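Visitor: coordinates only, sequence not included:
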């Protein structure tokens, strides 16, 4: 590069930059910049022609102003004119301005391309480098169309200087990455390979980067690069550091070029030529030997460069997977890094050993480091390193060490980071299934897994354990006994209840001979968990109950009483209500033979790929899951098929899907029930969920709806007749919700009384993510109904529809009013008309606690007036309901009778409909 003379210092630019730095405020800076822009504009528009130095100076000032964050809308033409200058400094500033400020859609692109063509044709290496750098920096399709065919010729031309070859190779690499379809493959591809023999290592480094990228796209066109790459690598690794003095980095010879050559060789299988293969093996052995040598410098740069080459060499050894000696040596070398004080080295060692564990040559060697890996799992501070340790344990697991590894994973699971618990659960479940010799151990492991990490045990895990128990006659009795004992714990996770309900419903008869697990004891144990479970689990338990009637006729009356109870037959959830009605009808009308046919034991499931393994593959993504030898058998003794089938809960045609997948279509076996159910065989339509609606009468925040897929939370605020609700939609799964939409609907009457405006919500909710929607509400007049929030989305290809009644009640628009005793009773008498008062006497539904009652009245929205009522045990409140049309005053009096466990609630307002509505809402809270 030519030296810059002292006269090129551009004093005016230095003064301008100094002025900007000395500005005391943003306003002063903008004022100084505007002044300078006006001066530059006048110079460019002036009659007097500017010399090259002045143009360069002013263009530099514009560039500096742009980099400060200000828009520049002139000066582009002057910058383009600088390209035609014969002075390096002027041409350099022109190219710099173009690279930063000119986009690919600019009208000046043709003029710029002409300037670049002239410089490429000039054969002046300095000008050619500037032009190539500009093409690479802009990198647009227009640039690729104009120069993609010209740059390869410059690269392979015999008279091109080394610095230009470097720039040409890197420029072509950039164009190939941005517009690969415009880079022509032709005669030059065979010649560019020979650049690997170039004397200039800078040219070789740039050419290697280009060839590696091109070889990934067209490997056959660059096969000849293998021998040249091996020869060059051999010369580098066998040379002393002084031989490559200009390219030696902290006593490591050409580390960047070595890494690039090793990556290039990973694009191809091992060389077929024996001599070439032997030479490559020597190179790799030399790299491994150098790793054992004492360091030549204590500086971190030396160890980083040395280890970069080593890890890339190990990657090549793993890629070839053909030299047992090299694989074992590589594994031993990585084993040393497992205890290195540098965290990054430990991480890389664990990651590389995961891949080595899948090789038949090195798997046994990897297993020798099991204690070190387990120790890393327990002691590592960095969660990413611990995750790699889990991956390595999973990869090195086989029948000989499965129990040890599974036990260590379960032990770690209790304290594991939340971000990796689900993945550990899946891996434990897969390993326990794959390498189970004693199936009682498998059952114990999965139940222990559910106990430790119940919230992270996906449906696929407990589906799978049920499938395996059903398919193995020898484990069914043990499974029933173990599940029964596990359910006796005071606190059981819901997944354990699901497994227990299903297994006892199928195989409870195998343990019924013991008085400690008699049919009635089994039923009472399951039913004790019923009211603590979610709707899907309750539905499964109801199915278990009807199975009990078939297995144990002696408990038929007890179960029928449960099914006949109001909590079942009048359940707010349509699924539970329908099951209770149908099962009750079935147990009453069906004969013993029909019951035995409908409720017969589940047949074995067809063998297919484990749904747990399929889920882990989806979670990790292609190429991230360590391979486990296909020859290793699954729990049922057959090899895993390679095709990726759907999870069993979707693939099975048995009634099992109806019991576990509550939203699935009924199985074909359900046709047996048609005659029995007669007029009630038609399923009821889905209803709007109102289960949590009453809970929000006296509170504004909380969860309004939750199922296995979605959780909906609300946070509300109200002021006079206006309100705002923040709705939070939480995806509880690890799968995206697609086409997510929500809308608020109201009855025709309610539309005139309440205005609700819903802002749009994101159409995609990622797995485990949460999005927010805002609802703005205006109360126009008093109302009794409530709007409905309708949610629709796709999950796993299935359209989900959910309706939730929004807790927007009249009392939300209360403004509390403080009043003295005299004022209260004066107002109480004024509201004495019969139609203005509503009184209700009702029995207490909850314990009569004074503090709780006070909190509920305050949450209802009124002011609690102390010392007003002569009886201190009574509660008195006052408030005003604000609507757009009017204001309604309200006085209330709540009289508790603790002896009779009764309340008397009296409400007086200026409008009878308001009195009645408020009385209905508040009386339900006590």
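Guide: Yep, it's here. Keep in mind that what you see is a predicted model, and the values were worked out from it rather than measured. Residues are numbered from 1 along each chain as shown.

Visitor: Break down the stretch 201-350 of the chain into its helices, ranges please.
Guide: 201-217, 225-238, 255-265, 274-292, 300-320, 324-337, 343-356 (DSSP state H, counting those that start in this stretch).

Visitor: Check the stretch 51-200 of the chain too.
Guide: 52-67, 76-82, 88-101, 109-121, 125-138, 141-147, 151-156, 162-178, 188-192.

Visitor: which one of those lies closest to residue 349?
Guide: Distance to residue 349, taken as CB to CB, is lowest for helix 162-178 among the helices of the stretch 51-200 of the chain, at 31.0 Å. To be clear about C-beta, it is placed using only N, CA and C from the backbone, and glycine gets the same treatment.

Visitor: Just say helix, strand or coil for the residue nearest the centre of the chain.
Guide: Centroid-nearest residue in the chain: residue 767, 4.9 Å away (criterion: CA atoms, centre = their mean). Secondary structure, DSSP: H, G, I helix; E, B strand; the rest coil: residue 767 is coil.

Visitor: Against residue 497, how distant is the residue nearest to it when sequence neighbours are not counted?
Guide: With CB to CB, 6 or more residues apart in numbering as the criterion, residue 767 has its nearest non-adjacent residue at 4.0 Å, and that residue is residue 734. Per CB to CB, to the nearest Å, residue 734 is found 22 Å from residue 497.

Visitor: Just say which of the helices of the stretch 201-350 of the chain is most tucked in.
Guide: helix 255-265 (a mean of 23; mean count of other CB atoms under 10 Å).

Visitor: quick one: average pLDDT of that one?
Guide: When pLDDT is averaged along helix 255-265, the result is 92.

Visitor: re the thing from before, might one say that the residue nearest to residue 767 is in contact with residue 421?
Guide: No - counting by CB atoms under 8 Å, residue 734 sits too far from residue 421 to count as a contact (11.9 Å).

Visitor: More neighbours: those two, which one.
Guide: Between residue 734 and residue 421, residue 421 has the larger neighbour count (other CB atoms under 10 Å), namely 18 against 14.

Visitor: Help me confirm that that one comes into contact with residue 414.
Guide: No - assessed by CB under 8 Å, residue 421 is found out of contact with residue 414, at 9.8 Å.

Visitor: for residue 40, what are its contacts?
Guide: 58, 61, 62, 75 (CB atoms under 8 Å, 6 or more residues apart in numbering).

Visitor: Contact partners for the second one?
Guide: What that stands for is residue 61. Residues in contact with residue 61 (CB under 8 Å, 6+ apart) are 12, 13, 16, 36, 40.

Visitor: where does residue 874 land on pLDDT?
Guide: The per-residue pLDDT of residue 874 was computed as 88.

Visitor: let me redo that: residue 598
Guide: Residue 598 is given a pLDDT of 82.

Visitor: burial count for it?
Guide: Around residue 598 there are 18 residues (other CB under 10 Å).

Visitor: Pull up the gap between it and residue 125, please.
Guide: 89 Å.

Visitor: Is residue 802 part of a helix or strand, or is it coil?
Guide: On the basis of three-state DSSP, residue 802 is classed as strand.

Visitor: on that earlier part again, show me which pair in the contacts of residue 40 is furthest apart.
Guide: Top of the distance list for these (CB to CB): 61 and 75, 9.0 Å.

Visitor: any chance of the helices of the stretch 51-200 of the chain in TSV, plus mean pLDDT and distance to residue 379?
Guide: TSV is the format used below for the helices of the stretch 51-200 of the chain (pLDDT from 0 to 100; distance: least, CB to CB, whole Å):
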stretch	mean pLDDT	distance to residue 379
helix 52-67	88	48
helix 76-82	85	59
helix 88-101	88	50
helix 109-121	86	58
helix 125-138	90	47
helix 141-147	84	52
helix 151-156	88	52
helix 162-178	90	42
helix 188-192	85	50
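
Visitor: out of those helices, nearest to residue 861?
Guide: Across these, closest to residue 861 is helix 52-67 (CB to CB), at 57.2 Å.

Visitor: so that closest one versus helix 88-101, what angle?
Guide: 30 degrees (axes from the mean of the first three to the mean of the last three CA atoms, to 10 degrees).
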